[in-house]
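Engineer: Only the shape, not the letters, is given here:
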């Protein structure tokens, strides 16, 4: 039997074996040979589709990303071994608040739609602005340009790591949520929702930082202990049978009151459920309702629901299907136009006393008017209590309203 000469060359063995570069080499080979390519000609019964939420491109990848995508990749590989054509794309979520935050913190800017576009704009920083730096306002088009620039750089880092991990995705189907194709698909889907009557718009609450002039996500909230004061305020019963006294730290929101609420098991207020009272100073008739979130042992046991003083107000407003009577603007001032339902001459006169004032100024004025009217019982009682702040903010958050779109899911139908 003839023995052929081996092509093996022992001189090519490296003196110090290394794995450097092996991941990139094999990733490129898999890509060139289409090992994980999706076969678009496959029939529907031969396709296994994996739709994973695209990771948010607003920071650094961590072990959690590796852990979760390893699970998905295991399923994708198994389905290929059974003969399926696996549709397994990868995408980047570069829309939304996380991206805005990253751009603000990286470049030291903030978006202001009222600012004119500046061609060739150069941001003041490119990473790590000083802690005392106040973001400069730039136009929306300039801000979007910075979003696209930074997310593009972040996406390259994300893609490099996922390729090195050896995920068996088809990189030919890479997408981003900010690209024109994705936006068109989203818009078409929304228009279908609208045509079927599944989409609707309404005035709804938004957590708002009046300094940063931006909405704030739940994940960006923090509680800080702040001094405050309880005020005993009397609401006159509509039937003339006396007063209902509440304790509140924010009498400034009396004009935004839409109801009083007590716990359904509180015997003190059971006879009042379904009846009405009138707000002091403004004379607006509001119902007395029951809800299990009301705390029997807090203050007088009955609270006013305002739109909106805190997140509990939002829950009550939604679950009790209450009207909206907002009085705080995005600039942190009392809106100049009286809210719906405030119609009496005396009520409008009282409201005019606070219209246009900042919250703290308006609070002082309302307390003064309550004293003069006799609706405040005793003096304010100082307390320390937790208040919601934006993690980067210096003033308490307000809850303002804006026109928002929703998709019906039966929650309020």
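Structural biologist: Received it, and whenever you're ready, just let me know what you need. Not measured: the values here are computed from a predicted model. Residues are numbered from 1 along each chain as shown.

Engineer: Please count neighbours and contacts with C-alpha atoms only from this point.
Structural biologist: Noted.

Engineer: What residues does residue 349 make contact with?
Structural biologist: Under the criterion of Cα atoms under 8 Å, 6 or more residues apart in numbering, residue 349 has no contact partners.

Engineer: just how off-centre is the helix or strand where it lies within its chain?
Structural biologist: Residue 349 belongs to helix 345-352 when assigned by DSSP states H and E. Mean-position distance between helix 345-352 and its chain equals 35 Å (Cα atoms, centre = their mean, to the nearest Å).

Engineer: What about residue 137, how many residues nearby?
Structural biologist: Neighbourhood size, residue 137 [other Cα atoms under 10 Å]: 17.

Engineer: doesn't residue 113 make contact with it?
Structural biologist: No: the criterion here is Cα atoms under 8 Å, and residue 137 misses it with residue 113 at 9.0 Å.

Engineer: hmm, back to that, following the helix holding residue 349, which helix or strand comes up?
Structural biologist: For helix 345-352, the succeeding helix or strand toward the C-terminus, using DSSP H and E, is helix 359-373.

Engineer: Need the residues that contact the following helix or strand past that next one.
Structural biologist: Using DSSP H and E, the next helix or strand after helix 359-373 towards the C-terminus is strand 376-390. Strand 376-390 has contacts (Cα under 8 Å, 6+ apart) with 209, 216, 220-234, 367, 370-371, 395-397.

Engineer: Now restrict these to buried residues only.
Structural biologist: Burial by neighbour count, judged by 16 or more other Cα atoms under 10 Å, picks out 209, 216, 221, 228-234, 367, 370, 396-397 from those.

Engineer: can you list contacts of stretch 195-213?
Structural biologist: Against stretch 195-213 from outside (Cα under 8 Å, 6+ apart): 110, 190, 193-194, 214-217, 308, 314, 324, 330-332, 390, 393-408.

Engineer: before we move on, back to that, could you work out the most separated pair of the buried ones among the contacts of strand 376-390?
Structural biologist: 216 and 234 (33.9 Å; Cα to Cα).

Engineer: quick one: contacts for the nearest residue to residue 366 once chain neighbours are set aside?
Structural biologist: Leaving aside its sequence neighbours, residue 366 sits nearest to residue 252 (Cα to Cα, 6 or more residues apart in numbering; 5.8 Å). If a contact means Cα under 8 Å, 6+ apart, then residue 252 has 359, 362, 363, 366, 367 as its contacts.

Engineer: Need the three-state assignment for residue 252.
Structural biologist: helix (DSSP: H, G, I helix; E, B strand; the rest coil).

Engineer: what about it, distance to residue 307?
Structural biologist: According to Cα to Cα, to the nearest Å, residue 252 stands 12 Å off from residue 307.

Engineer: Kindly report the same for residue 150.
Structural biologist: Counting by Cα to Cα, the gap from residue 150 to residue 307 is 38 Å.

Engineer: Mind checking which of these two has more residues around it?
Structural biologist: Taking other Cα under 10 Å, residue 150 and residue 307 do not tie; residue 307 has more neighbours (30 against 20).

Engineer: Please verify my assumption that the more buried one contacts residue 328.
Structural biologist: No: if you go by Cα under 8 Å, residue 307 and residue 328 don't touch, sitting 9.2 Å apart.

Engineer: any residues in contact with both of these two?
Structural biologist: Joint contacts of residue 307 and residue 328 (Cα under 8 Å, 6+ apart) are residue 399.

Engineer: Spatially, and excluding backbone neighbours, which residue is closest to residue 279.
Structural biologist: residue 235 (5.6 Å).

Engineer: Quick check: the one you found vs residue 283, distance?
Structural biologist: 9 Å.

Engineer: got it, and residue 372?
Structural biologist: 15 Å.

Engineer: ditto for residue 192
Structural biologist: From residue 192 to residue 283 the distance is 45 Å (Cα to Cα).

Engineer: The two - which one has more neighbours?
Structural biologist: Neighbours around residue 192 and residue 283, counted as other Cα under 10 Å, are more numerous at residue 283. The numbers are 21 against 13.

Engineer: How many residues are close by the residue lying closest to that one once chain neighbours are set aside?
Structural biologist: Nearest residue to residue 283, sequence neighbours excluded (Cα to Cα, 6+ apart): residue 347, at 6.1 Å. Counted with other Cα under 10 Å, residues neighbouring residue 347 total 18.
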